[in-house]
Structures are given as structure tokens and as C-alpha cells.
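Sequence and computational prediction follow.
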Amino acid sequence: MKLKTFPGGLHPPDNKFWSAHKPIENCPMPDEFIVPFAQHIGVPAVPAVEVGQHVSKGQVLGTAKGFVSVPVHAPTSGEVLALEPRPHPSGVAMPAVVIKPDGEDRWIDGLEKCDPEQLTPEEISEKIRAAGVVGMGGATFPTHVKLSPPEEKKIDTLILNGVECEPFLTADHRLMLEETDRLLKGVAILQKVLGVEHVAIGIEANKPDAISLLQERCKGTPFVVEPLEVKYPQGAEKQLILAVTGREVPSGGLPMDVGVVVHNVGTAAAIADAVIEGKPLIERICTVTGPAIKEPKNLRIRIGTPLQHLVEICCGTVEEPAKIIMGGPMMGSTQVDLSVMTTRGTSGLLLLREQDITGRSEGPCIRCSRCVEVCAMNLLPTTIAAYARRDLLAEAEEYHALDCIECGCCSYTCPSSIPLVQIIRYAKTGIMEQKRKQAS
Amino acid sequence: MSQPVYLSSSPHIHSGETTTKVMHAVFYSLLPACGVAVYFFGPSALSVLLIATLGCLATEAVCQRLMGQPVTIVDGSAAITGVLLALNLPPTSPWWLTLLGAVIAIAIGKQVYGGLGSNPFNPALVARVVLLISFPVQMTTWSAPAPLGSGLDLVTTATPLGEWKNAVMLTGKMPVDLQGSISDYFLGNMAGSIGEISALALLLGAAYLFYKRILTWHIPTAFIGTVILLSGLFWLINPGKYPDPIFHLLTGGLVLGAFFMATDMVTSPVSIKGMLLFGVGCGVLTVLIRLFGGYPEGVSFAILLMNAATPLIDRYTRPKTFGTLRQKGAQ
């Protein structure tokens, strides 16, 4: 049978063998946690604790500000050592709470368990917001916002994203295998809140164990497991929706414009904890991997654990890493050093050696059209980049630069090593800036 | 951290494919055709191949030196232009003609536009057409094949297409007996330019490029398909005057042109729709020039004319951006 997929895309070596077979391990606690206030898309949380204060596990450290914002919570019980800017995955120092664990790991009082059946969708949504649940695939968009679509948008399909198409990463894979209960409970809650009939769980065919396990567990439920062709970027939201439903999210639109909501499988599991157990989001699964890591692992980490600690738990490095990447090699971001903290969006830590990233010199475009062939959004990357290089932003926009999802296929495949997606990012930033200026 | 780490914007991995690898593969794919040419036309074909290739490499190096640019002749693109130029010349081209062609191809066909990737026209074809117009006698003096070991000398003769054109001009009818059989045409045992004679050798090279995913089917299929359909139509209307599609396919430069000249990435459209349109245009122009033009062969002119149309084709065949085409299932 031909598996469902989308047009375009490519097949980078998936490199999942480093960690795919490793069961999730609980990461021991570091000497100190660094919990940033900005770890979701939207307005950062506002500090709610003081230096010297003792906090319990799960206590609110920062409160949400506005609708598109969520609170942040203490990963363990301990003392607030500092409130100060610390190196953040975004590349600059950002305000954070530094906590010294007291070793007791004592939960805050008053966590209440709930039966989601007894709650209204609004109550569930509020619990999810209060628990600080955000998109765990890496986008970290506050989940409760996606659960409250405007009246006029009728949602009929919920898609769970278990594709994990980024090379190296295996966190979602292990979660589907080992935390199936939590995942399915979360899916049921999401289905109830959204009031949707169709629920599909999309998984790339390179995870046959997860597919068969979930198929087995979904028997007798309305949930359908959709095995998808192994192709990058199958897990990108628009490409996943097209593969599963045949619907194309309109240019500039959102999934809800075609009646679909997509959530990562990790988000569903976090929702189960938030609603049923009343527990805030203070931990996640993170793959620590790459040729420079001695012992690649899938770790259950407390959010705010410094990267250095993850590397130590994985027995250190084979050699000095030449590149520190948070996330996968196709869309992850490089980090200055290992003092950076993990956030709710940290799906992986990838360390590459010098020989894995050999610098390449750029040549002229020979119009081979490979970037056009692989573009998952059906753009002309080389044309947009040529305009952007000359600062012809109006032309770049005319060629739909803003539709680029920055999957990186064009740069990956370019035989002339032209940094296409990087130039297109530059164009997108410039175009957005112009729009803001015009608006104000 | 004892050493600084690299900071960069994603993606952090690369396919490992390089322009040089692509160029080298194209170069290898032309070797079967070169081999057949040397077999049928002997040392004179070999010398044309060598002079054209070395001439192109030298011209590229000199141009880049003069312009104060890094010399990039190892990237293989100039060598390919040289081989393609040779394949488009008669086996008896004098050395000065070949060398002049090489200088024109690289200097006027490529470097004046800014070098690799910037030329609007296929450089080898620019050179061929300049030579054809400037030196019509030398450029249309063809030889009958004299396979190695046969003891034959190269004897002047007409190409099958030329033979047909002459007959039609003089009598308005097909010539009574054209030299050569279909298998001669297919294997390369006929008069013609160095590289166009053996469809078999060209197809072998093309198959290798398909395998390496450097060549896609769109342009060759559209080009050859159009020639077969259109020439077939004329043949059905008047078989006493117009040759059949197989003759069109195998006797001239169609196979060489469709697989190796029209598919030049730099000078052909980037979208699939554009490539198909480009191929159809090449096919129509080839048939019209062959049947109604002054020259017996029209492949080079057809491709150059379509090269000129490429920016226009690109402009009007932009792929539909995701989310702008269908709104299937939108609620």
C-alpha cells in the first residue's frame, strides 16, 4: 500500500539508531535549575517569587501575562538563589529563576486529581493553561489558545503529531512506546474539548513498533493511526494535515481554516498530567544524542536543567563538540555553550563533531532546480533568495517568501551550497519589519 | 569549552552533493558518445574533442585571470562545454575552427555574462551557430564513417537529413534511396557531427544521468515526443515528401540535443511545467526548421531560441505555492 504523504521533501539520513532503542531514563537532578520566564511563544511570564524564598515543586514561579501566555513552575522544591538574566536558547541572556534543589522534591499542596468527564471544555482548557502546557514539538505555542478557536471556525479533525521527522530525535518515538496510557488519555481529553469526530495519530513508517502498539491500543476507540511515508518534513503542520486529510491550509492561514487542529504527542501526554493529575508541566522527554556524545540517551528531564548536566548524565563527550544544537539538525538552533538551560520546547540536544559539519564554500546557482523539487511549500527558493540578496523584498514577497516554513530542504540539497533558507529567513524578517512599519 | 563552537542558522547538515560532482557525472555520461565517434571517424574526431576541451579550459582560465577572478576550471563546467562543442562539430573540422569555437563558447557564450550560472544561452550551441553562419563550407562538410580497422579513409558525403533536404529542394520529393538503415542510424554508422551519430551511446550516457538523478525526463520527453508527433503528422499527410518520425529521431542531432543540450540546467526553466513547455517549443521549432527552413538541421537553432524564451517561461510557469491552489475540503 502506498503510504500517505505530501509533494516535495527529501530523505536526510535519519540517524535515529543512536537512541531509538534506548528506554526513557529519569535524569538525576542537577545542582541548580535555571528556569526562564520566556519559554513559550507569546508574552513571557511575570516573576512571582523573590530571591531567598523557598519554593515547592510545581509552585508558580512566574504568572502568565495576557491570553497568549502561560505561567512557569518550579521543577523541584528548593531555594530561589537568584533572579537574573541567564544564557537562553534564543542566543541572548533572558530573565530566569535559579533554584537550588533541597533534595526533598516535595510537591506543592493542593494538587487536585480530576475526572475529565466531570469537567466542561472551558474548565479543562483553564487547567491546561494553568499547568503551563505549550506545544511540545518545539514550537511552544500555548496549547489553550489552540483549544479555543473562534466560533465561526468549525473544527472536525484532530491530528496527533507523532511523525518526528527530524533526524536524530527519538523522544516522541519513546514516548509513544512507553507512555502510551498518558498519551491516549490526553488524546481523549483533547477530543472532548474540541468536540471533534475524527482523531488521527500520524506516525512516520520508520517507527513500526510505535505504529503497531498504538494500532493495538486504539482498537475500539475512534482514534485512527495513520502510518505516513518516511520523508522530511512530514511532521511540519501543513504537510501533515495535507497527508492525513488531503486538505491544504491556505497561504497565510491556520490549520483551523480547514477544520483541523494539530497537537504533538508530547503535548497530549502533558495535557493528561495537567487535567487528570493536576500537575503542571515541569518535565519532558529529551533526546541527548549525536556523534560527539559518548552514550546517547532518551531522558526524562526537569525543565530548567542546564545542558551541561545532560551531557554529564550521558557520560560526557567523545571529543569537544564543534556544534551544540538544541533540537534536530534540520531546524534546531545552535547554542553558544552548555550553560544554556532546557525549556519546554527542548526535544533534543545534538552534539556534532568537527568532521560532521565540514564547512563548504558557496558557488554560483546553476539553476539545477533541486531546491524547487524538494520545496515542501512549492516555492522557488533560488528565485526568492536571488531577490532577497539584492534587498528586493517586494519581489521576494511576490514570490511567496512568507509562506516558507524554513524546513531547510533547499539548503540541504543545494549542490552549490547556497544558504537558501537562511537568505529567505532574512527576507521574511525584512518583509515583516516593513509591514509593521506600514501598520504603525 | 576549550575551543569555540560554530554558531549558524539551520539546517546543520548537507546532502554532500556538489556542483563539481554533478559536472563530473555529466562529463562521464558523454564518454560513450565520444568513444563511438572515435571508432567511426578515427583520429580526426579525437583531435577535435581534445582541441575543443583544452581550448575551453584555457579560455576559461584566461578570462577569469583577466577579470581577476579565481580560476575555477576544475569545476568541470568548461570541460563539458568543450566536449559538447566537439560533439556538435563535423569530424573533419580544421583545428583553427575548433579552437575558435572553444574561444567563442567560453568567452562570448559564458564569461561575458558573468560565468557559470549566468549565461542565457547554451555556450556550446552559441559557438556552433556562430561557426555555422561564419564558416558554412567547413561546418557542412561531412564524412562517411570509416570504422577503425576498416582501412577506409574519410570520404566527403552528405548527412541523411542533408541528403533529404537536397532532394526535396531539387525535386520536391523524398530521395529514392537514402543511405543507411535504421540500425546504422541507431548505432552511429552514418555521416553527421561527432556526437550525434550514435543514439545508442547517447542513451547509455543519458541512462547514467537518470540513475544519478541529474537528468529528469521532462525536457527530453517533451522535446522528442513533440518531434515524433509533429513530424509524424507531416509524414502521414505526405509520405512521398516528408520523412518518417524514426528518421527524424535518429539521423540528426535530436537525441544529443534533447538529452544533453536542451537539458543544460543553466539555460532551461526550473519548474516542471516550464520544462515541459520548453521541450515542446524545442520540438516544434526543430520540425519547422528541418521541414521548411533553409538548413537541413534545426535542433541547435530551436534550443537557442527556447533558451531566449526561458526567463519568460519561468515567469509564467511559477509553481502554485502550497495553499494557493486547492482549497479542497475547506470548511
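That came through, no problem. Residues are numbered from 1 along each chain as shown, chains lettered A, B, ... in the order given.

Spell out which residues of the stretch 1-150 of chain A are next to chain B.
Counting by CB under 8 Å from any CB of the partner chain, the residues of the stretch 1-150 of chain A lying close to chain B are A:10, A:12, A:91. Every C-beta, even on glycine, is put in place using the N, C-alpha and C of the backbone.

burial count for the nearest residue to the first one once chain neighbours are set aside?
Counting by CB to CB, 6 or more residues apart in numbering or on different chains, residue A:374 is the residue found nearest to residue A:10 once chain neighbours are left out, at 4.8 Å. Around residue A:374 there are 24 other residues, counting by other CB atoms under 10 Å in any protein chain shown.

Tell me who's in contact with residue B:59.
With contacts defined as CB atoms under 8 Å, 6 or more residues apart in numbering or on different chains, residue B:59 is in contact with B:78, B:102, B:103, B:105, B:106, B:107, B:111.

what would those look like in a markdown table with secondary structure?
Formatted as a markdown table, the contacts of residue B:59 follow (DSSP: H, G, I helix; E, B strand; the rest coil):
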| residue | secondary structure |
| --- | --- |
| B:78 | helix |
| B:102 | helix |
| B:103 | helix |
| B:105 | helix |
| B:106 | helix |
| B:107 | helix |
| B:111 | helix |
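
Show me the strands in the stretch 1-150 of chain B, by range?
In the stretch 1-150 of chain B, the strands defined using DSSP state E, counting those that start in this stretch lie at B:142-144.

which residues of it score low on pLDDT?
Scanning the stretch 1-150 of chain B with the threshold set as pLDDT under 70 gives B:1-3.

which parts of it sit against chain A?
Residues of the stretch 1-150 of chain B lying close to chain A by CB under 8 Å from any CB are B:1-3, B:5-15, B:17-19, B:21-22, B:75, B:77, B:115-118.

Which of those are buried, as a PyMOL select command?
In PyMOL, this line selects whichever of the residues of the stretch 1-150 of chain B next to chain A come out buried by 16 or more other CB atoms under 10 Å in any protein chain shown:
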select buried, chain B and resi 5+6+9+10+11+12+13+14+15+17+18+19+22+75+77+115+116+117
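
Residue A:288 falls within a strand, correct?
Yes - when three-state DSSP is applied, residue A:288 is found to be in a strand.

Tell me which residues touch whichever residue of the stretch 151-300 of chain B sits closest to chain A, please.
Taking CB to the nearest CB, chain A has its nearest neighbour within the stretch 151-300 of chain B at residue B:270, 4.1 Å off. Contact partners of residue B:270, counting by CB under 8 Å, 6+ apart, are A:367, A:369, A:372, A:380, A:382, A:383, B:314.

Any chance of CSV for those residues, columns pLDDT, distance to residue B:48 and secondary structure?
Shown next, in CSV, are those (pLDDT from 0 to 100; distance: CB to CB, whole Å; DSSP: H, G, I helix; E, B strand; the rest coil):
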residue, pLDDT, distance to residue B:48, secondary structure
A:367, 94, 29, coil
A:369, 93, 32, coil
A:372, 95, 36, helix
A:380, 96, 39, coil
A:382, 96, 35, helix
A:383, 95, 38, helix
B:314, 94, 34, helix
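
who does the strand or helix carrying residue A:244 touch, helix- and strand-wise?
Assessed by DSSP states H and E, residue A:244 sits inside helix A:237-245. Here helix A:237-245 touches strand A:157-161, strand A:198-204, strand A:223-228, strand A:260-264, going by 3 or more CB pairs under 8 Å, 6 or more residues apart in numbering or on different chains; DSSP states H and E.
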